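# Task: produce atomic coordinates for the following.
(3 chains)
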Amino acid sequence: MNVAVKPADTGSDRANAPEVMLDIRNVSLSFGGVHAIKDVSFNIHKGEIRAIIGPNGAGKTSMLNVINGFYHPQVGEITFKGETRTQMRPYVAATQGIARTFQNVALFRGMSTLDNIMSGRTLKMHKNFFWQMLRFGPAMQEEVEHRERVEEIIDFLEIQHIRRTPVGRLPYGLQKRVELARALAMEPELLLLDEPMAGMNLEEKEDMSRFILDVNDQFGTTIALIEHDMGVVMDLSTRVVVLDHGEKIADGTPAEVSSNQDVIDAYLGVAH
Amino acid sequence: MFYREVGQFKTNYTADSQVFPILQDKVGIIAMLVIAYVIIPMAGNDFFITTVMIPFLVFTLATIGLNILVGYTGQLSLGTGAFMGVGAYSCYKLTTFFPDVNIIILVLLSGFFAAGVGIIFGLPSLRIKGFYLAVTTLAAQFFLEWAFIRIPWLYNYNDSGAIEVPQREGFGVILTGAAAQPVTRYLVVLSIVLVMTWIASNIIRGRIGRSWMMIRDMDIAAELMGVRPLYAKLSAFAVSSFYCGVAGAMFVFFWLGAAEVESFDINHSFLFLFMAIIGGLGSLIGCYMGAAFIWILPIIIRALPEALGLDVNAATVEHINFMMIGGMIIFFLIVEPHGLARLWQIAKEKLRTWPFPYS
Amino acid sequence: MDILYNILIDPFVQMGSAPDFFLQVLWSGFVAGTLYSLIALGFVLIFKASGVFNFAQGIMVVFAALTLVGLYQAGVPAWLALILTIGAMFALAWLVERIVLRNLVNQEEIILFMATIGLNYFLIGFGEYVFGGEPKPMIAAELGLPTGSTTFEPFGGIVIIEHLDVAAVVMAIILVTALAIFFNKTRIGRALRAVADDHQAALSVGISLNQIWVIVWFAAGIVALATGIMWGAKSDVSFALQIVALKALPVLIIGGFTSIPGAIIGGLVIGFGEKLFEIYWGGLLGSGVEGWFAYVIALIFLLFRPQGLFGEKIIERI
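Prediction:
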C-alpha cells in the first residue's frame, strides 16, 4: 500500500490551477446559545481528498451536515460547482451530486445489502408509476440496467457474499462498507465520509483506506473525510483543515498542519 | 428433502428478482390458485363462500392497503375503517349516477376518491411522526364517521341512514344485489384481490417501494440520498388509501349488501391493524395469513360450543372471543414480533436444509 | 356574508347576551377538561416510565369502575369494594409486568403499543365476561361523595354547580399534587425518571426495571380508578367510556407525551374548546362535532408546534 506517495504527486500537478469544487465562506451555525461553527471558510478542490480533523465536539460533523443541506447555517455562503446557496433541502444536495456516509451507520436496517445499494440509484431511476405497477417493459429494463451497475460496485468493494443478507445482521465493519457502496451507487461528484474507519481494526482500516484511494483514483470522485486516526489522515489526504471549538485553526497540507503550533496545542492541550 | 433449490440457476437479473424464484414455490402457488379458482367454487357451499372466503379476501385487501402505509412506509394509521368508508360511499354515489356502467369499474374508480381523501389526511405526516401521526389519523377516522352521518346526500337521503346496494351488472352477469350468486361475487372479489396483490408486489420491489422503505428505516438518510419526503409519504398514503377504498367498496357491494357508519368504525380500523401485525408488517403474504387468522379463528370459536354439544350463550362466546384475540395478539408479539410471515419464512429456511441442518 | 356573521360574530353576541349560560358552559367545559386531564395523566405516567404508549388506559378506567360497582352489587360493602378494587388494580399491574412487559423488553415502540391494544381487547372481553356488558350506575353516594347541587344567580340568571363536579376537581388536584411530590421528592420517583430517560443506563446503576414498571402501572391504575369513579358518577359505567378515553390522545398531543402539567393544560384546552365549539358553533355544522373536534384541534396544533406545548424543540442529529 503506497499510500504516502500518491497524494503528494496528485497535489503537485494540481497546484498550478486547482479547480474549486466547493467553497465555504464565513459559515456560522448555532443551536440556541451553542455555537457549533464560528465563521469558518475553506474550499475543496476537484479531485482531491480533503480531511477535516479536530478534537471531539469541534463541529466536524456539523460541517458535513451544513455541506449537504441538513443543517442551515445562520451566516455564510456555500458555493458548489459555481452555484451559490444559503439554504436548501438535503435532497437537493443529493441531486447536485453530493453523497455521504455517517458516523453512526445509517443503513436501512429492514432491507438487504442489495436493496440498500439499489436505494442509492433512486435519483437515477425515472420510469413512472404506471410502469412500476406492471414491473414490465421499460421498468424492468431500467431495474436490470441499474442492477448491473450495482453489481459492479458490489464487486469493487468485495461484498458479493452478503448480497442477500439483511444489513442488520452484518458485523460493523461490513456495514460501513455497505454504506460506502450505497454512497458510491449515487455516482457522486463529492463524497463526504464521516469517520469511515471508526471502530475498525487495523486490517479493516487498511481495506477501507485502499477503497477510498481507489474511489478517488478510478472514479475521480472528490472526497471530504472526517477521521480521528492521524496516520490515516496524513497518508490519505491532499489537504487538511483543522477545526477546534467550531473555529478553523489551521488549513494546509498534512505536513504543514502537523507542524502547526495551534494544532499541537488543540490536540495535546496547553498549560495555562 | 423435497424443498431444495439445488440446480436451479439464474442466468439473468430478471430471473433473479422474481417473487418466487424457487420451482417448488411456483408449484405451490399454482396449486393454491387451482384450489381458489376451481375447487372452492365447485365444492364450497354458500355459507363457506359468503361467511369465510369473501370477507377474508376483502379484509386481506384492506390489510395490504394498511400494510403499505404501516409496514412499508412506517406511518402508523388508525383510520383504515374510515378510508374504506370513503370507498364504499363514493362507489354508492357513482353507481347512483351511472347505473349502467360495469360495477367493477366503479368499484375501482371509488378507490381514487379514497386516495384523494388519504392524501389530504396524509399531509400532516410531512411534519409529524409516530404516535403523533396516529392521532391525526384518528382525526380522519372520527371526522369521516361524522361526515357519513351528517351529510345525507352521501346515502341518498335514505330514512335508514344506510347505503343499500342496488342490483348491478357487469359483463352481462348480475354481480351485486340480492340476486347475485355467491360464487360469482366470490370470483370477482378473488380476481380483484389477486391482481391488486400482484400490482402491490411490483410497486414494492421497484423504485417507489424502495423509497417508501427508505423513509421507514431512516428518513433522514433517505432524504440525504435524494428521496423527497413529500412524494414518498403522500404516494404511500395515496396507494394505501386506494387499496382501502377498493376494499371498502367491495366490503359493502360484494359482501354486506347494506352498510351504515358502524361498518367503518374505529374497531374495524383496529381489526385491520391486528391483521397486519399478526400477519407481519412489511409482508404481503403476511396480509393473507393475518386476515385468515383473525377472521377465521373467531368463526371456529363461535362454532365450537355447538359442535361439542355445549350450551353456551352467544354473548359469552363473544366475550371469550375478545379475550382470545387480545391474548393471541400478546402471545404472538412475544413469540414472534414480526408475525406469521416471519414464522413461515423461518420454517421454509429450516425445510431447505432438512434433515441435515449442518451439512 | 351571512356565513361570516354566523361564524365570527353571532356566537359572541350569544355569549354576551346570556352570560349565565356562558358561565354554565365554561364550567361544564372545565369539568370535562379535568376528566380528560386525569385520563391523559394515566397515559403520561406510563409513557414516562416505560416508553409504552398505553392504549389500554381508557379500558383500565372502565375496568376499575366496573370492578368497584360489580363488587358492590355482589354484596360487598362500599369501602371494602374500594379496597378490593385497588387490590385488583395492583394485581393487574403485576400481571401486565409479568406477562407482557417482561417478555417484550427492548422491543420497538410499535410492538409494545400493539401489545397494549391486545391488552385492551382482553380487558374488554374479561370485563364483560365477569360483570356483564350493560351500563351500571356508579355508587357515588355510598362512597361518601357529595351528590347535591348549588345554584348561583349571577347576572340575573342561574348557574348550577353540581357538588360532584367540585369533588372531581378537588380530587384531581389532590392526585396531581401527590404524584408531583412522588415524582420529584422520593427515591422511587428519581428511579422512575432515570428509567424514563434510558432503560439500560438505569439498569446498570442497579434500578430494578420490573419493580418500577409495577409501581407505575399501579399508579396509573389508581388514576384510572379515580377517573372511573368520577366519570361513572356523571354518566353510567359502561364500555362506551373507552371512546371518550381516546380523547386523551389529542390532550397528549397538545400537552406533550411526557409532561404532567402539559396533560392538565391540554385537558383543559380540549374540555373548554370542545364545549364552547359544540354549543356556539356546532349548530352551523349540524351538531355532533364533539366527536372529532378535539382531534382536529390537535391536528392544527401539531402543524404549528409538533413538539407539543411543553416539549423542547428537537434538534435532529445524524
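
# CA atoms for contacts and neighbours, from now on please.
Fine.

# What sits closest to residue B:268 if chain neighbours are left out?
Spatial nearest neighbour of residue B:268, chain neighbours left out: residue B:81 (5.4 Å); criterion: CA to CA, 6 or more residues apart in numbering or on different chains.

# what number of residues lie near the one you found?
Applying other CA atoms under 10 Å in any protein chain shown, we find 28 residues neighbouring residue B:81.

# swap in residue C:174?
12.

# cool, residue A:138 as well?
14.

# now do residue C:208
There are 15 residues near residue C:208, going by other CA under 10 Å.

# separation between it and residue C:107?
18 Å (CA to CA, to the nearest Å).

# Over to residue C:4?
52 Å.

# Just want to know which of those two has more residues nearby.
residue C:107 (13 against 9).

# Am I right that the more buried one falls within a helix?
No - note on residue C:107: no helix contains this position according to DSSP: H, G, I helix; E, B strand; the rest coil, which reports coil.

# Now name the helix or strand holding the residue nearest to residue B:268.
helix B:80-97 (DSSP states H and E).

# per-residue confidence averaged over that helix?
What helix B:80-97 shows for mean pLDDT is 94.

# any chance you could map the helices in the stretch 1-150 of chain C?
C:2-4, C:10-17, C:19-50, C:57-73, C:78-95, C:109-131 (DSSP state H, counting those that start in this stretch).

# Please identify the deepest-packed of these.
helix C:57-73 (a mean of 26; mean count of other CA atoms under 10 Å in any protein chain shown).

# So that one, near chain B or not?
No - under the criterion of CA under 8 Å from any CA of the partner chain, chain B is not reached by helix C:57-73; the shortest gap measures 12.9 Å.

# Check chain A for the residue nearest chain B and tell me.
Closest approach between chain A and chain B, counting by CA to the nearest CA: residue A:91, at 4.1 Å.

# so the nearest residue in space to that residue that is not next to it in sequence, which of the three states?
Distances taken as CA to CA, 6+ apart place residue B:226 nearest to residue A:91, at 4.1 Å, with adjacent residues excluded. Under three-state DSSP, the three-state class of residue B:226 is coil.

# so what pLDDT did residue B:226 get?
87.

# so how many other residues sit close to it?
Count around residue B:226 with other CA under 10 Å applied: 27.

# just the one 3 residues further on next, same as before
A count of nearby residues for residue B:229, using other CA under 10 Å, gives 21.

# Also residue B:276?
34.

# Look up phi and psi at it.
Backbone torsions for residue B:276, taken as degrees, to the nearest 10, come to phi -60, psi -40.

# which regions of chain B lie under the pLDDT threshold?
Along chain B, the model assigns pLDDT under 70 to residues B:1-2, B:359.

# Likewise for the stretch 151-300 of chain C?
For the stretch 151-300 of chain C (pLDDT under 70), the answer is C:154-157, C:283, C:286-287.

# Quick check: residues of it near chain B?
Going by CA under 8 Å from any CA, the residues of the stretch 151-300 of chain C near chain B are C:249, C:250, C:253, C:286, C:288, C:289, C:291, C:292, C:295, C:296, C:298, C:299.

# Alongside chain A, which residues does the stretch 51-200 of chain B contribute?
B:199, B:200.

# tell me, how many neighbours does the residue nearest to residue C:261 when sequence neighbours are not counted end up with?
Among residues not flanking residue C:261 along the chain, residue C:255 sits closest, at 7.5 Å (CA to CA, 6+ apart). Close neighbours of residue C:255, defined as other CA under 10 Å, add up to 28.

# go on, residue B:296?
Neighbour tally, residue B:296, other CA under 10 Å: 17.

# residue contacts, it?
B:52, B:56 (CA atoms under 8 Å, 6 or more residues apart in numbering or on different chains).

# and it, what helix or strand is that in?
Assigned by DSSP H and E, residue B:296 falls in helix B:284-308.

# Report the next helix or strand after that helix in sequence order.
Following helix B:284-308 in sequence, per DSSP H and E, is helix B:314-335.

# Give me the contacts around that next one.
B:274, B:278, B:294, B:298, B:301-302, B:339, C:100, C:103-104, C:111, C:114-115, C:117-126, C:128-129.

# Would you check how far apart the residue in the stretch 251-359 of chain B that chain A sits nearest to and residue C:250 are?
Residue of the stretch 251-359 of chain B nearest chain A, by CA to the nearest CA: residue B:282 (9.1 Å). According to CA to CA, residue B:282 and residue C:250 sit 28 Å apart.
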